[in-house]
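Novice: how would this look folded up:
(one chain, ligands or ions: 2)
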Amino acid sequence: MKIAVIGGDGTGPEVTAEALKVMDAAAKLEGFTIETTEFGFGGDHYLKTGEILPEGAVDQLRKFDAIFLGAIGHPDVAPGILEKGLLLQLRFQLDQYINLRPVKLYPGVDTPLKDKGPEEIDFVVVRENTEDLYAGIGGFLKKGTADEVATQTAIYTRKGCERWLRWAFEYTQKRNNPKGKKLTLVAKTNVLTYGHDLVWRTFQEVAKDYPDVEPDYNHVDACCMWMVKNPEYYDVIATTNMFGDIITDLAGILQGGMGVAAGGNINPDAGGTSMYEPMGGSAPKYTGKNVINPIAAISAGAMLLEHTGQPAAGARVLKAIQTVTGTKMKSQSAGKMGYGTTEVGDLVVEALGG
Ligand code: IPM
Ligand code: MN
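Specialist: Ligands and ions are numbered 1, 2, ... in the order given. Next comes the predicted model:
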C-alpha cells in the first residue's frame, strides 16, 4: 500500500508518526507492506515559500492509494489560509465527496453525557464534502461602505446529492446494525426550501433502492438536542456539508473529543484517492512535548486501512485502540493520559497481536 503522508503543522507530525507506526505493525501482522512518501506541506512551507500546494502536487497525490493528513494550522498564518488552500483544496480537487465521521465511544473514554456508555454512543455521520456553503460562491457589494452586502451561496446539485446519499444508503446497509438499519437525513427542509428540497427529494428517490434501510429525517436543530439526550437513536446520519461540520464537533465531544475523533475524506469512485485525518487541530502549544493524544490519528489510520482494501488490518487496529483506552489510559486529554504520545503508540502496537 502506497500512502502519501502530510504530517502538517504543530503536533501533526507527532501523532502521524504514531499512526504510521501502528499501521505498519498491523500490516506486518496481516502480511502486506506500507510504503510512505512524505510531503512537507503546511504553515512552515507556506511561510518560507509563499506557496500552499505547489503546482503538480495534486496530480502527484492522486497516484497514491491514500493520503494521511496530520493537522494543519500555524500560529503565524492567518486563520483560513491553510484550511482553504490545503484541506479544502484537496477535498475539492480530489473530489472527496464523502466525509465519514464515526462517532464511537471507546471503552474507558469519558463522555460528558451522564448515563451513556459505549453501547449508546455508536453512530456514523456521512457528511457531504464538496457542495453547500463550502462551494466558495458569493461576494461583496459596495464593500467597505455602510451599504455593504455580502452573499455566500449554498450550492446543491442533483448529481452531488445523489452520489452522496447513495453512498450513505449503501454504507448503512453494509454496517448492518443489529439494532436496525436506519439512515437519518439531517437537514432544514422547513427553511431551506430550495436547496434542501432537492436534498429531500433525492433522499426519497434513492431510498426506494434500499428497502431494507429505514429512511428517517430530523431537522438539524432538533438533531442537536436529540444527539445529546438520546444518542442511541442514531445509526447512520447523512447531512449536508455545513451542518455536518457543526454536528460532528458536537458528536466528537460525545465520543471523548479531539484526542479521539477521526474522519475520512473519501472519493469512493474507481481510481479515487481518499484522505484520512484526526479531527483535532495542530495544537501548537504542545508541539515537541510528547503529550498530545495520538488515539485520534491512530483511529484515522484504522479507517484508512479499512477503506483502502485492508479491512482486517483496520479492524485489528480498532480493537487494539479499544484495549488500550479501556485498560491503560487514564484520560484522553493532552498531558493527562498517564503516558506520552509515543508510549500510547507503543501500547497500541503491543495490543495488536491480541
Ligand atoms: C473540519 C474542519 C474544516 C471544515 C475546516 C478546517 C476548513 O473544521 O474538517 O471539520 O470546516 O470542514
Ligand atoms: Mn469542523
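
Novice: who in this protein is up against ligand 1?
Specialist: Residues of the chain lying close to ligand 1 by C-beta under 6 Å from any ligand atom are 83, 87-88, 245. Every residue, glycine included, has its C-beta placed from N, CA and C.

Novice: residues contacting the residue in the stretch 201-350 of the chain that ligand 1 sits nearest to?
Specialist: Ligand 1 sits closest to Asp245 of the stretch 201-350 of the chain, with a gap of 4.4 Å, by C-beta to the nearest ligand atom. Applying C-beta atoms under 8 Å, 6 or more residues apart in numbering to Asp245 gives the contacts Arg127.

Novice: which residues are in contact with Ala302?
Specialist: Counting by C-beta under 8 Å, 6+ apart, Ala302 has contacts 262, 314-315, 317-318, 321.

Novice: which of those sit farthest apart?
Specialist: Using C-beta to C-beta, the pair of the contacts of Ala302 lying farthest apart is Ala262 and Ala315, separated by 14.9 Å.

Novice: the more surrounded of these two?
Specialist: Taking neighbours as other C-beta atoms under 10 Å, Ala262 and Ala315 compare with Ala262 leading, 26 against 15.

Novice: give me the phi and psi for Glu38.
Specialist: The phi/psi pair for Glu38 (degrees, to the nearest 10) reads phi -90, psi 140.

Novice: Ala66 now?
Specialist: Main-chain torsions, Ala66, degrees, to the nearest 10: phi -170, psi 170.

Novice: what's across from it in the sheet?
Specialist: Counting by DSSP bridges, Ala66 is bridged to Ile3, Ser274.

Novice: number of nearby residues for it?
Specialist: Applying other C-beta under 10 Å, we find 24 residues neighbouring Ala66.

Novice: look up how far Leu347 lies from Arg201.
Specialist: As for Arg201, its distance to Leu347 is 49 Å (criterion: C-beta to C-beta, to the nearest Å).

Novice: now Ala283
Specialist: Remark: distance between Ala283 and Leu347 (C-beta to C-beta) = 21 Å.

Novice: just Glu35 next, same as before
Specialist: Relative to Leu347, Glu35 is positioned 25 Å away (C-beta to C-beta).

Novice: which one of the two has more residues nearby?
Specialist: Per other C-beta under 10 Å, whichever of Glu35 and Leu347 has more neighbours is Leu347, with 20 against 9.

Novice: is it true that the more buried one touches Thr327?
Specialist: No: using C-beta atoms under 8 Å, Leu347 is not in contact with Thr327; the gap is 9.2 Å.

Novice: pLDDT weak spots in this protein?
Specialist: 354 (pLDDT under 70).

Novice: residue nearest the centroid of it?
Specialist: Gly263 (1.8 Å; C-alpha atoms, centre = their mean).

Novice: would you confirm that that residue contacts Thr248?
Specialist: Yes: using C-beta under 8 Å, Gly263 makes contact with Thr248 at a distance of 7.3 Å.

Novice: shared neighbours of the two, which are they?
Specialist: Common neighbours of Gly263 and Thr248 (C-beta under 8 Å, 6+ apart) are 99, 101, 279.

Novice: quick one: residues contacting the last one.
Specialist: Looking back up the chat, that one is Met279. By C-beta under 8 Å, 6+ apart, Met279 lies in contact with 101, 248, 252, 258, 261-263, 296.

Novice: and the residue of this protein nearest ligand 1?
Specialist: Glu83 (3.9 Å).

Novice: can you count the residues close to that residue?
Specialist: Other residues within reach of Glu83, judged by other C-beta under 10 Å, total 14.

Novice: helix/strand/coil for it?
Specialist: With DSSP: H, G, I helix; E, B strand; the rest coil as the basis, Glu83 sits in helix.

Novice: OK, contacts around it?
Specialist: 72-73.

Novice: report the separation between it and Tyr46.
Specialist: Glu83 sits 12 Å away from Tyr46, going by C-beta to C-beta.

Novice: what do you get for Ala71?
Specialist: As defined by C-beta to C-beta, Ala71 lies at a distance of 14 Å from Tyr46.

Novice: who's more crowded, these two?
Specialist: Between Ala71 and Tyr46, Ala71 has the larger neighbour count (other C-beta under 10 Å), namely 29 against 21.

Novice: thought the more buried one was touching Gly8?
Specialist: Yes: between Ala71 and Gly8 there is a contact under C-beta under 8 Å: 4.9 Å.

Novice: what do the two both touch?
Specialist: Residues touching both Ala71 and Gly8 by C-beta under 8 Å, 6+ apart: Ser282.

Novice: quickly find the element holding the closest residue to Asp346 other than its chain neighbours.
Specialist: Nearest residue to Asp346, sequence neighbours excluded (C-beta to C-beta, 6 or more residues apart in numbering): Lys21, at 8.0 Å. Element membership for Lys21, per DSSP states H and E: helix 12-30.

Novice: just the buried positions in that helix, please.
Specialist: Within helix 12-30, the residues that count as buried by 16 or more other C-beta atoms under 10 Å are 12-23, 25-27, 30.
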